[in-house]
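Q: Dropping the sequence and predicted coords here.
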Amino acid sequence: MPQPPSNKFRAAMEVLARGRDVLIESIADEVVDQGDNFAEGGFLFHEFLEMQGARLHFLGLLMGQLEQSAETLDESRNTEARPPVFDPEFEVDYEPDQIIEPEPRPEPTRRKSTHRRRARSRKLPRPASSAEGPADEA
């Protein structure tokens, strides 16, 4: 029995790829069986596209996510496996016990806004309303 790959994301992709092949084969069989109905482009055709298209779309999204995770894992393993680069000509300009303080950042300067503020309008007093409502003229 072959050794399973050490990247579980690639292993999952292989399983899903086999499932995708089975799905595509069943889709091809269904298209051939329903050829006359699908050629008309009616309700059955659109229902078929909605069902199978969604499945294939989501499978493609899942495969893409697994591929991205597999590549990230491979890259992290490759950087861990590499020995650190040693440059004998590299010179350190501080003592080993010396604490290096970061240089303070300059305070950001505020620019004066060129946008003019619009004056607020005053609220007008509301007309007094009677408790009885508008008077009817008779």
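A: Now that the structure is in, tell me what you want to look at. Numbers count the residues shown, from 1 in each chain.
Q: sec struct for F58, please.
A: helix (DSSP: H, G, I helix; E, B strand; the rest coil).
Q: Counting neighbours, what do you get for E25?
A: Counted with other Cβ atoms under 10 Å, residues neighbouring E25 total 10. All C-beta atoms are positioned from the backbone trio N, CA, C, and that covers glycine.
Q: Report the secondary structure element holding it.
A: Following DSSP states H and E, one finds E25 within helix 8-33.
Q: Same check on P104?
A: Applying DSSP H and E, one finds P104 in no helix or strand.
Q: Look up the pLDDT of it for me, please.
A: If you check P104, the pLDDT there is 82.
Q: what about it, distance to Q98?
A: 18 Å (Cβ to Cβ, to the nearest Å).
Q: So what does E40 have for phi and psi?
A: Backbone torsions of E40, given as degrees, to the nearest 10, read phi -80, psi -20.
Q: any idea of the pLDDT on P108?
A: 75.
Q: ah, wrong one, I meant E67
A: For E67, the predicted pLDDT is 92.
Q: any idea what sits nearest it, other than its immediate chain neighbours?
A: M13 (6.5 Å; Cβ to Cβ, 6 or more residues apart in numbering).
Q: how close does P125 get to L61?
A: According to Cβ to Cβ, P125 stands 61 Å off from L61.
Q: more neighbours, these two?
A: L61 (10 against 6).
Q: ok, and for the worst-scoring helix or strand of the chain on mean pLDDT, which residues are buried?
A: Within the chain, judged by mean pLDDT, DSSP states H and E, the helix or strand with the poorest mean is helix 35-39; its value is a mean of 81. Within helix 35-39, the residues that count as buried by 16 or more other Cβ atoms under 10 Å are F38.
Q: again, but for stretch 14-30
A: For stretch 14-30, a neighbour-count test (16+ other Cβ under 10 Å) marks 20, 27 as buried.
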